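> Okay, predicted coordinates and the sequence, questions at the end:
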Amino acid sequence: MSVSHSLHLRLLTPPATAIPTHTPLSPPTVLLRRAPVRRLPSLRASSSQEMLVSEKNGAPAAPSDPSSIEVDAVSEAELKENGFRSTRRTKLVCTVGPATCGFEQLEALAVGGMNVARINMCHGTREWHKEVIERVRRLNHEKGFAVAIMMDTEGSEIHMGDLCGASSAKADDGEIWTFSVRAFDSNSNSTPPQRTINVNYEGFAEDVKLGDELLVDGGMVRFEVIQKIGPDVKCRCTDPGLLLPRANLTFWRNGSLVRERNAMLPTISSKDWLDIDFGIAEGVDFIAISFVKSAEVITHLKSYIAARSRDSDISVIAKIESIDSLKNLEEIILAADGAMVARGDLGAQIPLEQVPSAQQRIVQLCRQLNKPVIVASQLLESMIEYPTPTRAEVADVSEAVRQRADALMLSGESAMGQYPEKALTVLRSVSLRIERWWREEKRYEAMLLPSVGSYFSEKISEEICNSAAKMANNLEVDALFVYTKTGYMASLLSRCRPDCPIFAFTTTSSVRRRLNLQWGLIPFRLSFTDDMESNLNRTFSLLKARNLIKSGDLVIAVSDMLQSIQVMNVP
Ligand SMILES: Nc1ncnc2c1ncn2[C@@H]1O[C@H](COP(=O)(O)OP(=O)(O)O)[C@@H](O)[C@H]1O
Ligand SMILES: C=C(OP(=O)(O)O)C(=O)O
Ligand SMILES: [K+]
Ligand SMILES: [Mg+2]
């Protein structure tokens, strides 16, 4: 028999088309009934009008083709390879830099499981970044990937200049180096004297004091301030190491971070605004804001984006990397569309031993508030130079996966390291293994998920998703299906971190790319109607023809058009 009994739980509310979203509804009546056994028409790709897009081999169908379904080539391969109950849930972000900006290198990362490509506006020119964006878009179009693009702003941090073209400089113990606010232009004749580093913050020489400790890259190299001469600050190296172009600088006095005038620098600098305009014009999917201090800046940016691009849905990610961002954590996360635990700078602003608990707190709060969260920086730092990670790095990655963060991020490992693909493979295999272990052992601690919706209709959606996820675990279903136009219902299911994967069907490519950042979601683009029966039948036939599901698989379907939970076997 091709169809088993299907249980249909429906909340009797007016049809979704009649409900403007965010309108309070009258309390729903719950009706539980057993639907009659139905025999669905057995549709095969060959016998139906519905042609599948085979993006990998041919030209992709136009996104508006109503009869097509799009899933990215890698999710499809991973689903088949791992079997969908154990396909990867943790998403992977790779920073693109000189080591990975070529088309083939980007393709290798996409094949390796990169869900989001990050460009860091702190480095490179806008033209350089534009080319990377174009390559990623071409890759998506020609090869059937759905890699999203995240632009990360430079922010008003204090950092060194670009070492006049040198890729690095070695600072040895006891050496005297000069940090100067004088601008040495690598193209002009004003070559700086030896061991002189330009600092981008005008107030630097005035703000530091003799005896201050100067930390490069959060302590990778350390200096002590020994003399101030006009714009120049002479420092003695106390912890030797490699200085990298545009490395971040912090200064400490009596064991605490100095936050004087530099704390007054705007979160979004004038250069950042130009970069943001660039990002909007290029249609990036995410903009990550560095050194967020309060919720206002996020709200401000979001209204700027909305005014600039009426139909754009760029998500704003708040980078948590300062003391202020920890102080105002909840309001910042509430205002943003997601957050990043930016451990690089965070570890330079708070004592290192406080970073792990801050990470745990941020990851947990993001899940409670239903915002995706990325754990970033130094996950596999040694792989910049070596082909295998340290045991400690593997343990760190495992911990982020165990905390059920939405995504893990590579920085230097993929931007300028020697083994970008190997680093990505490590993230992928560790994620898969830890996720499986945790599922098998049912080790995860139950998390209280508070209600986040402000409207009654949103609260209904939350209850439906919480119940559907619980049913999915208890009934051990193979997959959850969610039909969602805005992606909201999909995120609510993802928040529950269910045991089975979540197939998220959405109508636009941009929502699909954004869902790529969220835990456990396998986003598909599909045109669907308000008729769930026909949506389900079409989806079943399209996915079966693609060998992504088979007759007898047990699925639970929810949608944001119809407040219902349906449990059924694939016919
Ligand atoms: N677009 C780029 N051009 C040149 N180098 C880059 C680029 N992006 C990243 N890098 C290199 O990769 C390193 C790690 O990247 P990331 O962590 O994003 O930056 P940062 O170290 O400034 O926080 C950078 O320090 C820089 O050396
Ligand atoms: C991700 C981070 O930000 P950036 O690489 O831009 O400094 C960080 O500080 O950890
Ligand atoms: K940055
Ligand atoms: Mg940072």
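On my side now, so go ahead. Residues are numbered from 1 along each chain as shown. Ligands and ions are numbered 1, 2, ... in the order given.

> Okay, now the unreliable bits of the stretch 301-450 of the chain?
443-445 (pLDDT under 70).

> Please report the number of neighbouring residues for residue 125.
9 (other C-beta atoms under 10 Å). Where C-beta positions appear, they are placed from N, C-alpha and C, glycine not excepted.

> i'd like the first residue to be 4 from this point on
With the count now opening at 4, the last piece we talked about shows up as residue 128.

> Near ligand 1, which residues of the stretch 354-503 of the chain? Just list them.
Proximity of the stretch 354-503 of the chain to ligand 1 (C-beta under 6 Å from any ligand atom) is limited to residues 414-415, 418-419.

> Next, format the residues you listed as a markdown table and append neighbour count.
As requested, these are exported to a markdown table (neighbours: other C-beta atoms under 10 Å):
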| residue | neighbour count |
| --- | --- |
| 414 | 25 |
| 415 | 21 |
| 418 | 22 |
| 419 | 17 |
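
> Of the residues you listed, which belong to strands?
Among these, no member falls in strands (criterion: DSSP state E).

> Please flag which of these sit within helices.
Among these, the members found in helices (DSSP state H) are 415, 418.

> and which of the residues of the stretch 354-503 of the chain next to ligand 1 is nearest to residue 348?
Set against residue 348, the nearest of these by C-beta to C-beta is residue 414 (11.3 Å).

> next one: phi and psi at the closest one?
With angles defined as degrees, to the nearest 10, residue 414 sits at phi -110, psi -100.

> now swap in residue 272 and tell me
According to degrees, to the nearest 10, residue 272 has phi -80, psi 170.

> go on, the one 5 residues further on?
Torsion angles at residue 277 (phi, psi; degrees, to the nearest 10) stand at phi -70, psi -40.

> what about it, distance to residue 271?
10 Å (C-beta to C-beta, to the nearest Å).

> higher neighbour count, these two?
Each of residue 277 and residue 271 has its neighbours counted (other C-beta under 10 Å); residue 271 has more, 21 against 12.

> Check that one and give its pLDDT.
The per-residue pLDDT reported for residue 271 equals 93.

> any idea which element it lies in?
Counting by DSSP states H and E, no helix or strand carries residue 271.

> Contacts only, for it.
156, 158-159, 279, 292, 300, 304 (C-beta atoms under 8 Å, 6 or more residues apart in numbering).

> hang on, the earlier thing: near ligand 3, which of the residues of the stretch 354-503 of the chain next to ligand 1 show up?
With the criterion set as C-beta under 5 Å from the ion, no member of these is near ligand 3.

> Of the residues of the stretch 354-503 of the chain next to ligand 1, which is the nearest to ligand 4?
The closest of these to ligand 4 turns out to be residue 414 (C-beta to the ion; 9.0 Å).

> separation between the closest one and ligand 2?
5 Å (C-beta to the nearest ligand atom, to the nearest Å).

> which one is that residue nearest to, not counting chain neighbours?
Once flanking residues are discounted, residue 414 sits nearest to residue 98: 4.8 Å by C-beta to C-beta, 6 or more residues apart in numbering.

> who does the one you found bridge with?
residue 121 (DSSP bridges).

> And residue 183, how close does it get to ligand 4?
Note on residue 183: its distance to ligand 4, by C-beta to the ion, to the nearest Å, is 23 Å.

> just residue 172 next, same as before
Residue 172 sits 21 Å away from ligand 4, going by C-beta to the ion.

> tell me the contacts of the closest residue in space to that residue that isn't next to it in sequence?
Closest residue to residue 172 apart from its sequence neighbours, by C-beta to C-beta, 6+ apart: residue 246 at 4.6 Å. Counting by C-beta under 8 Å, 6+ apart, residue 246 touches 163, 166, 171-174, 200, 219, 224.

> let's see it at 7 Å
By C-beta atoms under 7 Å, 6 or more residues apart in numbering, the contact set of residue 246 is 163, 171-172, 174, 219, 224.

> quick one, phi psi at it?
Residue 246 adopts backbone torsions of phi -90, psi 130, taken as degrees, to the nearest 10.

> for ligand 1, what are the nearby residues on the protein?
So far as C-beta under 6 Å from any ligand atom goes, the chain lies against ligand 1 at 98, 100-101, 123, 125-127, 247, 249, 347, 414-415, 418-419.

> one more time with 8 Å, if that's ok
With C-beta under 8 Å from any ligand atom as the criterion, the chain comes near ligand 1 at residues 98-101, 104, 121-123, 125-127, 131-132, 135, 155, 162, 220, 247-251, 347-348, 380, 414-415, 418-419.

> Tell me the pLDDT of the residue nearest to residue 172.
Looking at residue 246, the pLDDT reads 93.

> That'll do, ta.
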